[in-house]
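Student: here's my sequence, what's the structure:
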Amino acid sequence: MPDDTPSQTVGIIAAIDRELQPTIDRLQLQPASGFFTCTHGPYKLVAIITGMGRHRAEAAIEHLIRAHQPKRLISVGFAGGLDTGV
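Tutor: The predicted structure is shown next:
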């Protein structure tokens, strides 16, 4: 019988919900204890909305790492693209 346990955890981070929503929709991530999670092939995907700013991002990423020990982190978002003046 094959083992369906994910072999690796990947963290996904975004500053605001608008940045993460397309990933939530596409991967069908489900809310779970302050994170959004799913299994995709051999990967457990865990996403978090960090909030804007360096200190919020640091705190959220540390929380993600402590809770799920991801092997990789992927940052998704607009990087200031919401403001046409940036």
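Student: all strands in this protein, in order from the N-terminus.
Tutor: 8-14, 30-32, 35-40, 43-49, 72-75 (DSSP state E).
Student: relative to residue 64, how far out is the nearest residue to residue 7 once chain neighbours are set aside?
Tutor: Using Cβ to Cβ, 6 or more residues apart in numbering and skipping residues adjacent in sequence, the residue nearest residue 7 is residue 42, 4.6 Å away. Every residue, glycine included, has its C-beta placed from N, CA and C. For residue 42, the distance to residue 64 equals 19 Å [Cβ to Cβ, to the nearest Å].
Student: so these two - more neighbours on which side?
Tutor: Shown here are residue 42 and residue 64; by other Cβ atoms under 10 Å, residue 64 has more neighbours (22 against 10).
Student: per-residue pLDDT, the more buried one?
Tutor: Predicted confidence (pLDDT) for residue 64: 97.
Student: give me the helices and strands touching the helix ranked longest in the chain, please.
Tutor: Ordering each helix of the chain by length in residues (DSSP state H) puts helix 54-68 first. Secondary-structure packing of helix 54-68 (3 or more Cβ pairs under 8 Å, 6 or more residues apart in numbering; DSSP states H and E): strand 8-14, strand 35-40, strand 43-49.
Student: and those as CSV, adding mean pLDDT, mean neighbour count and distance to residue 75?
Tutor: Output for the helices and strands packed on helix 54-68, formatted as CSV (pLDDT from 0 to 100; neighbours: other Cβ atoms under 10 Å; distance: least, Cβ to Cβ, whole Å):
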stretch, mean pLDDT, mean neighbour count, distance to residue 75
strand 8-14, 96, 20, 5
strand 35-40, 96, 16, 15
strand 43-49, 97, 20, 11
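Student: now these in a markdown table, with distance to residue 73?
Tutor: Formatted as a markdown table, the helices and strands packed on helix 54-68 follow (distance: least, Cβ to Cβ, whole Å):
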| stretch | distance to residue 73 |
| --- | --- |
| strand 8-14 | 5 |
| strand 35-40 | 13 |
| strand 43-49 | 10 |
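Student: nearest to residue 59, of those?
Tutor: Nearest to residue 59 among those is strand 43-49 (10.4 Å), distances taken as Cβ to Cβ.
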